[in-house]
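In: Pasted the sequence and its predicted model underneath.
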Amino acid sequence: MAEARITYPPPRTAWDRYNPIRLIGEVSETRYWMYLLLLPSALLICAVVIYPTLYGMQMSFREMRLNRPDLGTDWVGLKHYARMLADPIFWVSLRNTAVWVTSAIALEFLIGLVAALALNRNLPGSKVLAVLILLPYFLPNVVAGHMWALMLDPRLGVINDVLVHLGWLAGYKAWFADPSTAMAAAIVVEAWHSFPFFTLLILAGLKGIPIDLYKAADIDGAGPFAQLRLITLPMLRTVIAAAVILRVIGLVNSPDLLLILTSGGPGRSTQVLSLYAFQTAYKDFNFGYAGALSVVMFILLMGFAWAYVRLSKVNED
Amino acid sequence: MTSRFDRRSVLKMGGGLLAASALLPRAAFAQSTAINYWHTFTSQSEFAGLDEVMKLFAAAHPEVAVTQENIPNPEFMAKVTAAVVSGSRPDVTMVSSERFADLLAMGALNDLTDKIAAWDRRSDFDDVRFASISKDGKVYGVPAFTFVDWMYYRKDWFDEAGLAPPTTYAEFRDAAIKLTDPAKGRFGFGMRGGAGGQAYVINVMEGFGAKLMHEDGSISLDRDKAIEAVDWWSGLLVKDGVVPPSAPNDGFRQIMEAFQTGQTAMLWHHTGSFQDNAKLLKAGVEFATAAIPAGPVNRVSRLGYAYNTATKPETIDASWEWIKFWGEPDAAVAFLEKTGYFPASTKAAQDERISGNPLYKPAADTLGFGIPSPSFPGFAGWSESVVLPAFQRVLIKEATPEQAVDEMIDGLNQAIA
Amino acid sequence: MATLSINSIRKSFGAVEVLNNIDIQLEDGGFLVLLGPSGCGKSTLLSIIAGLETSSGGDIVIGDRNVNDVHPKDRNIAMVFQSYALYPTMSVRRNIGFGLEMRKVDAREREAAVDRAADLLQIGHLLDRKPGQLSGGQRQRVAMGRAIVRNPELFLFDEPLSNLDAKLRVEMRTEIKRLHDRLGTTTVYVTHDQVEALTLGTQVAVMKAGVIQQLADPETIYTKPANMFVAGFIGSPTMNFLRGTLEAGAGGLQLRHAGGTLAMPGLEQDASTHLGREVVAGIRPESLHGGEAAAALTGIVDVVEPTGPDTMVVVKVGEQLLTARLGPKHRPRPGETLRLGVDAASINLFDPETENRI
Ligand SMILES: Nc1ncnc2c1ncn2[C@@H]1O[C@H](COP(=O)(O)OP(=O)(O)O)[C@@H](O)[C@H]1O
Ligand SMILES: [Mg+2]
């Protein structure tokens, strides 16, 4: 094989030797061609992923207040991180983030699982139902947020209407004005909006479980609940892990829904880290501190993803 | 290599095409300049007003094509900041008074001093209209219209109860108490305790004498007076119960709806919501207008301005045509008629269509004694992310007025540090 | 252990009839093979026996219990699937013991039963692995282990060997036979492989399009196929069909075909009713031989396929092609004329119209 060299016609003119296209042609026959082909995507990844990440990180060690050019943009070391430790809003936001993400995702997962199991039975009409169930997910956060803000409105909200008519509520309730219900109401909205994500992934996972397993389990005497617990869920472990991690990342990083529903209020009862970072950057223009908050979120997410993959044993078998 | 199109020949062909395209004639440049206008209009009436002004402008200036883009208020600063940092600025941006300091500090605005000085309509405006867009003798924008703070009240309910519109905080609270009737689902006042509510907290604090910016240029908050103010203002909910319990989450939409659907007797806002209210309630019969009541120490009625500013230096000449057009009396009055926003130009404000309407009188009066909002770099962020949540914590009984004011003072010190 | 009665079982999916009045009686300890081409309804029938599918009519009786309305888990059966259907997330041990676990058998007893089954199938060393870490043959054994561990009354196998390579398939076939001999459990076994059917079954039901074509012991199925479908389905290479007219000859009946006349001395079948009529003679390839015989056919060699122990020779007799299984020493050349002796006693005669055996 080593002899089987491709020969080129000799350069016709002196310029031809340096003709870039001709050179590319020659390189394209060597094994470096492979790396050359990878180069554009590698550059792209650097440009859109690595550079911004590093840029954000270095910002967190600088003074960076856009509306205070008088302060300069000097290195301040760990100043922002030190401030964070003593910042009660940070700690409240951290706690709220944990509550918000955990509860919303638990609820999304449950509803998503039930919906997926129902859709997977291929009953008549389930195709139409599948599309209907997926609808909330197609709504942008902003639209979903405003829609629910209206539905839960203490004056015009249809939900208050229904609950009062059913006798479950004595009078109209301002869900987002009461710190004891604001977070719960926001979680319900978020779960409504994003459960189809779980439905979609779980449904895909369910389609991959051989039907024979359930027949075997029927004969082995496993009831529906045992089948769910011992066959379906373990088989979905990877899918669920992927869905949960993606959703956690999405939810930790995105402040939109809470921004619309509560802006973190009342008081700071629904203040979460993403919202705090957003406000610090775009209301206070303190990009240094916002950068530090983002870095902490980034680290928390990495830690979470690592621990979750570890604990859920997704990497086994 | 037998195939006619092997890799090398295709590469060569591509190179040829590239070379050929360089020789093609360029498309001719368009004759007119296109400029992009970022604004925060949201309501139907505001859009109708903008549309009207754009039509008038298109007729007068066919050489400048304006495209408009609505940036919702909550995202406004984020979008503008990103545009400035990334170099994708709009040509003209609407800047309200309280945002001027931040935007100027981040270098978003261009100096218009010379253009304004040479402008034949400059004399139509009082000097004070430019105060909130000037710094160190330089002027950065032209007021498009004025936000004149005033009060809407249910004239029918006031008449029924034999009450006159309040002129002081004490009378105001009295009226609110008298008009609150849970049986009828009526509350005396629609408090904005949610998004945007920070401005009212600051106004009331200043009304009680806790001014933020002092003669000597220093910035601070008088703790005792501020506590008194927060106690009184939050007391409307937590002690007197004269505002809807949803107040801690009520923003612009909620306070408007509450008033328009007959749940609240009084509403503090500016003239811009006049037309929207008049669509649902009969102006002069069901509702009327009055000046904001005076506080025990200061009378705090805000005059704010929506300025048009040139944000992209390259197109400043075309932008200037659009910016100054808003000062034409015809444009200003057309805009007022669609929206209720007051003209900034004194000449336009003297138009018969305005001075002849008694419902506009409180606004005209307020133009006399109204004052601008405080403005310093960091003010907007502090008021929104410190003052509002701290005040909300009092509303939901999570903090005392003392604790809230201490939080505000801490936050203020950090913001101006 | 129990008998199995399949009484007038019918099954339709919508308008499509998949099973048509299936009647089979299987004795205690019997081994029934359901044999037929793909799509003929074998798996459906097995599923109905298992209770995984409901029938559209008829009864399934296991022992003396009508199980029509009995849940699969209460039918005291065990099933081995073509896909093995091992639970991928569980260890082999738990897979085998799963049925006992679900029946709340106590852990120690369960362990013992699993070990016993594992010993029997020689998979004791695999117990702590996951199914994903096993070879095809090992998985097959685990699936069988899961079936035998509960000591059920009835084993159901659905093409258990079709995912194995040829060598393993033969090995496991023997294993299954040994297991059945040893345990004596009544078994229903689905396959489309006629060799499996003939080697394993005590009864073979040959099915086509939801109808049983013949239900008999393997010997009968092979030597006296009930119709041309069964005759053609069983045996490899398949039975030769020679068309001709049935005549009375000197030594008994004879067949006049396009390439001559075939005498059939010693024919067991009584076909006198069809004298003078068109018939089809079914001749197994091994009934043709190179030696001399009273009955003989002459044709021209078309193709020669040596397979080692045998040489398959395709001969053109008249216009019809016949395959002969000759000894390894026979190597005729294509084109030469060949005379073949016929074992006339083994010939089956079919009515070409009904395709049934006369
Ligand atoms: N759930 C079903 N719905 C409709 N048709 C089915 C279903 N299951 C099987 N069939 C049809 O029934 C026939 C018999 O199927 P099956 O019993 O699986 O055949 P075999 O096991 O003999 O290959 C096939 O034609 C198949 O397409
Ligand atoms: Mg099958």
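Out: Arrived safely, thanks for sending. Numbering: from 1, shown residues only, chains lettered A, B, ... in the order given. Ligands and ions are numbered 1, 2, ... in the order given.
In: going forward, measure contacts and count neighbours with C-alpha atoms only.
Out: OK.
In: Close to chain A: what parts of chain C are there?
Out: C:50, C:52, C:72-74, C:77-79, C:81, C:83, C:85-89, C:98-100, C:102-103, C:130, C:132 (C-alpha under 8 Å from any C-alpha of the partner chain).
In: Three-state assignment for residue 244, please.
Out: Because you didn't say which chain, this covers chain A. helix (DSSP: H, G, I helix; E, B strand; the rest coil).
In: should've been chain C
Out: Per three-state DSSP, C:G244 ends up strand.
In: B:M191 is in contact with B:F252, correct?
Out: No. Between B:F252 and B:M191 there is no contact under C-alpha atoms under 8 Å: 9.9 Å.
In: out of these two, which sits in the more crowded spot?
Out: B:M191 (31 against 15; other C-alpha atoms under 10 Å in any protein chain shown).
In: Please confirm that that one is located within a strand.
Out: No. The assignment for B:M191 (three-state DSSP) gives coil, which keeps it out of a strand.
In: Pull the contacting residues for it.
Out: B:M191 is in contact with B:V243, B:P244, B:A247, B:D250, B:I255, B:L267, counting by C-alpha atoms under 8 Å, 6 or more residues apart in numbering or on different chains.
In: and with 6 Å instead?
Out: With contact set as C-alpha atoms under 6 Å, 6 or more residues apart in numbering or on different chains, B:M191 has these partners: B:A247.
In: State the pLDDT value of it.
Out: As predicted, B:M191 sits at a pLDDT of 96.
In: Same check on the one 3 residues further on?
Out: pLDDT recorded at B:G194 is 92.
In: same thing with A:M151?
Out: We note a pLDDT of 88 for A:M151 in this prediction.
In: how about the closest residue to it other than its chain neighbours, phi and psi?
Out: Once flanking residues are discounted, A:M151 sits nearest to A:G157: 4.2 Å by C-alpha to C-alpha, 6 or more residues apart in numbering or on different chains. As for A:G157, its main-chain torsions (degrees, to the nearest 10) stand at phi -70, psi 130.
In: Quick one: the strands in the stretch 151-300 of chain B, in order.
Out: Using DSSP state E, counting those that start in this stretch, the strands of the stretch 151-300 of chain B run over B:187-189, B:264-270, B:287-290.
In: correction: the stretch 101-250 of chain A
Out: Counting by DSSP E, counting those that start in this stretch, the stretch 101-250 of chain A contains no strands.
In: sorry, back to before: check whether the residue nearest to A:M151 really touches A:M147, as I assumed.
Out: No. If you go by C-alpha atoms under 6 Å, A:G157 and A:M147 don't touch, sitting 10.0 Å apart.
In: tell me the domain boundaries of chain C?
Out: C:4-233, C:240-350 (automatic domain parsing).
In: Distance across the longest one, terminal residue to terminal residue?
Out: Just to be clear, that refers to domain C:4-233. 26 Å (C-alpha to C-alpha, to the nearest Å).
In: near ligand 1, anything from it?
Out: Yes. Using C-alpha under 6 Å from any ligand atom, domain C:4-233 reaches ligand 1 at C:F13, C:V18, C:S38, C:G39, C:C40, C:G41, C:K42, C:S43, C:T44.
In: from the residues you listed, which ones fall inside strands?
Out: Of the residues of domain C:4-233 next to ligand 1, the ones assigned to strands by DSSP state E are C:F13, C:V18.
In: Compare the residues of domain C:4-233 next to ligand 1 and tell me which has the most neighbours.
Out: Among the residues of domain C:4-233 next to ligand 1, C:K42 has the most neighbours (other C-alpha under 10 Å), with 29 neighbours.
In: From chain B, how far out is it?
Out: C:K42 sits 53 Å away from chain B, going by C-alpha to the nearest C-alpha, to the nearest Å.
In: List the buried residues of the lengthiest helix in chain C.
Out: Scanning chain C for the helix with the most residues, using DSSP state H, yields helix C:166-183. Buried residues in helix C:166-183, defined by neighbour count with 16 or more other C-alpha atoms under 10 Å in any protein chain shown: C:R169, C:M172, C:R173, C:I176, C:K177, C:L179, C:H180.
In: now do stretch C:216-232
Out: C:216-218, C:221-222, C:224-232.
In: which ones among these come in contact with chain B?
Out: Residues of the buried residues of stretch C:216-232 in contact with chain B (C-alpha under 6 Å from any C-alpha of the partner chain): none.
In: What sits closest to B:K312 if chain neighbours are left out?
Out: Nearest non-adjacent residue to B:K312, counting by C-alpha to C-alpha, 6+ apart: B:D91, 4.7 Å away.
In: close enough to count as contact, that neighbour and B:T311?
Out: Yes. Using C-alpha under 6 Å, B:D91 is in contact with B:T311, at 5.3 Å.
In: So between these two, which is more surrounded?
Out: Set B:D91 next to B:T311 and count neighbours by other C-alpha under 10 Å: B:T311 wins out with 28 against 22.
In: Up against chain A, what does chain B have?
Out: Contact residues (C-alpha under 6 Å from any C-alpha) of chain B with chain A: B:8, B:12, B:78, B:102, B:105-106, B:246, B:248-249, B:377, B:381, B:389, B:392-393.
In: is it true that C:I22 touches C:I9?
Out: Yes. Assessed by C-alpha under 6 Å, C:I22 is found in contact with C:I9 at 4.9 Å.
In: The stretch 51-200 of chain C: helices as residue ranges?
Out: Using DSSP state H, counting those that start in this stretch, the helices found in the stretch 51-200 of chain C span residues C:92-102, C:107-121, C:136-148, C:166-183, C:194-200.
In: Right, I'll leave it there.
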